[in-house]
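>>> only geometry, no sequence info:
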DNA sequence: AATGAATGAGGGTTCATTCAT
DNA sequence: GATGAATGAACCCTCATTCAT
C-alpha cells in the first residue's frame, strides 16, 4: 500500500490503517463496480470481480451491499451529480454572451463529468435502463430533467437577449445533449475496444460541435428563409 | 398462423408446412433475439426466452445456431444494412442543394433504419461492444466507416459547391451522426421504459436537428468572426 | 452400393433393392452399434451416430429398436456365439493329444471370434456390465459358463489321459481364459489408440501363451515338488 | 464426523475444521469419482453423484476441479502408483529363486494395488481409453511400460540364472500380466454384479495362476521337445 | 469486521425420442 | 416405411449469496 493511503484524504486526524480502510470500503467497491458495470454490463459482471478489483473478498461486498442489484443502484446514486444547484447558480451569475455561456457550460460539464469516470454512468444507464426501470425513472428525474432545465435556461436566455434564433426550443435542447451523450457513448463502447477507429480527441470534438451548433453548416444567411416554423 | 403463411411464398410448388417452417425459423429466431438482446442485453437474455418468443422450444434454437454467442453474431450480421452501395449511388445521383441532400439522407436513414427494429442493433452494439471486441471491430468496419464515408461525401460536396462552411470536416461528421445515434439510443433505452420522459417525436426531432445543424443557434452573421480555425 | 450387396447373402432369390435393404437394416444397425459401443461406450455413443454409420436417418433407428437400451441388448444378443454346441461336438470328436486339442481350440476361437468384430462384445460387456446387470447375467449364463464348460472338458480330458497335471481344475480354467480376454481387451482399448505401445501380433501372442501355459516357465522338473496342493 | 477427525492429523497446530475439510476435499472427491467412474463409466457418471458421494454439493466439485474431464484426469493421475522405483529396488535386492521372486512380486502387487480400490483404475482406463487417447498414452508410458520393465527384469534374471526357460521373452511378459489384469477386470465388472458367477477367491486364483505359470499344464518332461522356437 | 468454502438455483447445451410429413 | 424437425428432460457448469470460522 502506498504511504499516501495512510494519510487522511480530506484533512482531519489521520486514522489508523484499519479504520481508514474500513471507512473507505464502500467507495472503493462503488468505484470498482462502476468500472466493471460500464465495461461489461450488469449481468456479465461477477460480484467476485468487483470485490477483487476493490481489493476485498467476495464476502465483504455483501457486508456493505445486500445484493448485486442494490450495489447497482448505489453505483447509480453515487455517480449522479447532485451539483445541479451549484451549476445553476454559476450559470445564473454568468455575464457575457450566450454563445460563450454555452461554451463555458460544456467545458465545465466535460471537466467535471465527461472526463471523469463518472461519465460511464451514462453508458451504464442507457445499456441497462430496460432492466431497471425504476432506476431509469430515478435517473430521468434526478439527472436528465435538471440537465434539460439548465440547457433550456441558457437557450432561453440567448433567445431573450436576441442572440439565438431558435425555432423549437423543446427539441433544440437535444442539439446540446446529443453530442455530449454521443461522445461519452463512444468513449465507453467502441472507442474503448476498437482503437483504430475512435480515439476521438475530446477538445477538438467539443470545439467542432460547438462551432456547428452555434453557426450551422450553411454559408448564406438567406437560407434562413427555409427554416421551418415552430411546430408547437 | 396467418393465412398468408399457407400460401407458397414466391410462386412455384408450395412447400410442405414443416419445410416452410424450417426455412423461416432462422429469421424468426433472429428477430426474437434482436428484440430481447436490445431490451435486456446479451447476458441477461435467456436462450429459452428467445426460443419462446420465436414460438419454438429451447432445443430448436440450437438446431439453427450452435451457441448463444453465435446467435448474437448472426443477429449483428443480419441487421447491418449492406445497402451502403445503393445509398451511395442514390446520393451520387442527387441533384439539388447540399442542405436538401442532407435532409433527404437523414429521412431515408430514418425510414429504412431508424424507424425499423433493426435500429436496435445500434444500442446493442454500444452496450455490448466491450464484451465482443471482434463484433465491435466488424461493426466499425462494416457500418461505421461506410456511414462516415457517406456523410463525408455529402459534406465535402457542400463545401465544394460553396454551400457549406466547415472548419473541421473530420469531426463535423459527428454533428450528423450524433443526433441520429442519440435518437436511437433514447428510443431503445430510457424512451422505452420511462414514458413520461421521452416520447420524442421523430419527425419533429429530425426537423429540429436539421435546422440547428444547418443554421446554428446564433443570429447571423456577426458571430462568424468568432469561428475557430481548422485545427488540422 | 457395391453390386455384391444386390445379391442375396444366404441363398434364395435375389430381392429388389428396396426390399433387400429393408431386410438388412437391423443387421446394419447392429453392426454400426457394436462398433460404436465398443469404441466409445454406451453412454458416449449417440443414437444419431449409429444411424449415420448404418446409412439411415435417426428416426429409422427407432423403427427397429424401441430405445437405445434395447439396441444395446440386441447388440449383445446378436454377438454372442450360439455355436457352443457345435464346438462341443468338434471337441468331443477330437482325436489326438490334449495339448494339441487346446491349441486347436484356441486357434478356432481366434479365427471365429477373436479376429472378428464380434470380439468387441467382450470389451463392451466388461465395460458396461455394472450398468446393465441383467445383460451381464445373461452373458454370464450364455457365454461365460459354456466357455468354461468347454475349457473344463479339455482340461479334464488331459488329466484323465495322464497328459496334464492340474492342481486346481476350477481355477486352471482361468489360465486359458485370461490370456484370451487380455488379448481382446488390448485390441479394443489401448491397442486401438496407443499405436506405439501395443500392436500385439496375435499369432505370436497365442503361440507364446500356449507355450507358457503348457510347459511353464521353470526349467527343472524337480521344482514340481514345490507345487501347491489342491486347496479344495 | 468421527472423533478422530477433530484431532490434528499429523501433529502441530490443529487446523480449523473448515480448513481441514478443504484440504481433504480433493482426495474425497477423487475417491468418490474413482468409484463411480469404475462402476458406471465416465459418461454415465453425473457430476452431482460424485459430489454427493463425497458428501458435498454439486458446486463444490467445481471449486476443486475445473471440469468433469479434468476430474477424470486427476483420478487417473492420483491412482497410478508412482512407486515403481521403490518396487524395482525391492526386486533388485531380492535374494532367492526367481520363481519365489515372481511369487513375491505378484503378492506385493495384489496387496498394494489389486486388493485396493486403486485397482479399478485398470478397468477405467481400458473402458475409456478410446475416449481419452491422451490419458491412454499417459497411462501407457507411466504404468504399462514400467510394469513391463519390472516383469522383464524378473524373467531375464530367471533366464540368466538358469531357472527359467523362456522362448519369447517379449511376449512372455504377457503371461504374467494377463492373469492379473483378468482378475481385476472380473473384480470390477462381472464379478461386481453377477454374484452367482464370480466370487473368485484372489489368493486361490493367484496360487493357481502361479502354479500354471511356473510349471505349465503338461506332465513332464517329454513334451519339452514340442516347444516352439523363439520367433524373433 | 473479514474471509472464502460451500451451496444450489439457474442457464447453456445435448440428445434420446416423437411425430408430421 | 423413412425422414429429420421439433421437443424437453437431463446434464454440465456458473455465480450470487450464505455462514462458520
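Sure, I can see it. None of these values were measured; they are calculated from a predicted model. Numbering: from 1, shown residues only, chains lettered A, B, ... in the order given.

>>> Just the pLDDT for the residue most central in space within chain A.
The residue at the geometric middle of chain A, judged as the C-alpha nearest the mean C-alpha position with C-alpha atoms, centre = their mean, is residue A:119 (3.9 Å). Residue A:119 carries a pLDDT value of 94.

>>> My read is that it contacts residue A:184, right?
Yes. The pair formed by residue A:119 and residue A:184 meets the contact definition of C-beta atoms under 8 Å, at 4.9 Å. Every residue, glycine included, has its C-beta placed from N, CA and C.

>>> what sits in contact with each of these two?
Among the neighbours of residue A:119, none is also in contact with residue A:184 (C-beta atoms under 8 Å, 6 or more residues apart in numbering or on different chains).

>>> Return the residues of chain A in contact with DNA strand F.
For chain A, the residues in contact with DNA strand F under the definition C-beta under 7 Å from any atom of the strand are A:45, A:46, A:47, A:48, A:58, A:59, A:62, A:66, A:67, A:68, A:69.

>>> Poorly predicted segments of chain A, please.
Low-confidence regions of chain A, defined by pLDDT under 70, span residues A:1-24, A:197-198, A:220-232.

>>> where along it do the helices fall?
Applying DSSP state H to chain A gives helices spanning A:17-40, A:47-53, A:58-64, A:68-79, A:84-92, A:98-109, A:120-128, A:133-139, A:145-160, A:169-188, A:190-193, A:202-215.

>>> looking at these, which is buried most?
Taking mean count of other C-beta atoms under 10 Å in any protein chain shown as the contact definition, the stretch among those with the greatest mean neighbour count is helix A:120-128, which reaches a mean of 24.

>>> and that one, what does it pack onto?
With contacts taken as 3 or more C-beta pairs under 8 Å, 6 or more residues apart in numbering or on different chains; DSSP states H and E, helix A:120-128 sits against helix A:17-40, helix A:68-79, helix A:133-139, helix A:169-188, helix B:120-128.

>>> would TSV of those with distance to DNA strand E be doable?
Output for the helices and strands packed on helix A:120-128, formatted as TSV (distance: least, C-beta to the nearest atom of the strand, whole Å):
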stretch	distance to DNA strand E
helix A:17-40	4
helix A:68-79	12
helix A:133-139	18
helix A:169-188	24
helix B:120-128	14
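
>>> so which of those helices comes closest to residue D:23?
Taking C-beta to C-beta, helix A:17-40 is the member of the helices and strands packed on helix A:120-128 nearest to residue D:23, at 29.6 Å.

>>> residues contacting residue A:135?
Residues in contact with residue A:135 (C-beta under 8 Å, 6+ apart) are A:72, A:73, A:76, A:125, A:128, A:129.

>>> which of those sit farthest apart?
A:73 and A:129 (13.1 Å).

>>> Domain-wise, how is chain A divided?
The record assigns chain A these domain ranges, following automatic domain parsing: A:12-77, A:81-226.

>>> Quick one: distance of the last one to the chain centre.
Read it as domain A:81-226. 10 Å (C-alpha atoms, centre = their mean, to the nearest Å).

>>> cool, and stretch A:66-75?
Centre to centre, stretch against its chain (C-alpha atoms, centre = their mean), the figure for stretch A:66-75 is 19 Å.

>>> Which residues does that stretch contact?
Contacts of stretch A:66-75 from elsewhere in the structure, counted by C-beta under 8 Å, 6+ apart, are A:26, A:29-30, A:33-34, A:37, A:42, A:47, A:50, A:61, A:65, A:121, A:124, A:128, A:132, A:135.

>>> Now flag whichever of these is closest to residue C:164.
Taking C-beta to C-beta as the measure, residue A:47 is the one of those closest to residue C:164, at 74.3 Å.

>>> My read is that the closest one contacts residue A:59, right?
No. The criterion here is C-beta under 8 Å, and residue A:47 misses it with residue A:59 at 10.1 Å.

>>> burial of residue A:67, as a residue count?
For residue A:67, the neighbour count with other C-beta atoms under 10 Å in any protein chain shown is 11.

>>> Turn the helices of chain A into a markdown table, including distance to residue B:179.
Formatted as a markdown table, the helices of chain A follow (distance: least, C-beta to C-beta, whole Å):
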| stretch | distance to residue B:179 |
| --- | --- |
| helix A:17-40 | 23 |
| helix A:47-53 | 35 |
| helix A:58-64 | 40 |
| helix A:68-79 | 25 |
| helix A:84-92 | 24 |
| helix A:98-109 | 16 |
| helix A:120-128 | 15 |
| helix A:133-139 | 21 |
| helix A:145-160 | 15 |
| helix A:169-188 | 5 |
| helix A:190-193 | 18 |
| helix A:202-215 | 11 |
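
>>> quick one: which of those is nearest residue C:88?
Closest to residue C:88 of the helices of chain A is helix A:47-53 (C-beta to C-beta; 69.1 Å).

>>> And for the closest one, what's in contact with it?
Helix A:47-53 is contacted from outside by A:29, A:32, A:33, A:35, A:36, A:57, A:58, A:60, A:61, A:62, A:68, A:71, using C-beta under 8 Å, 6+ apart.

>>> ok, now with 6 Å
A:32, A:33, A:36, A:57, A:58, A:61, A:68 (C-beta atoms under 6 Å, 6 or more residues apart in numbering or on different chains).
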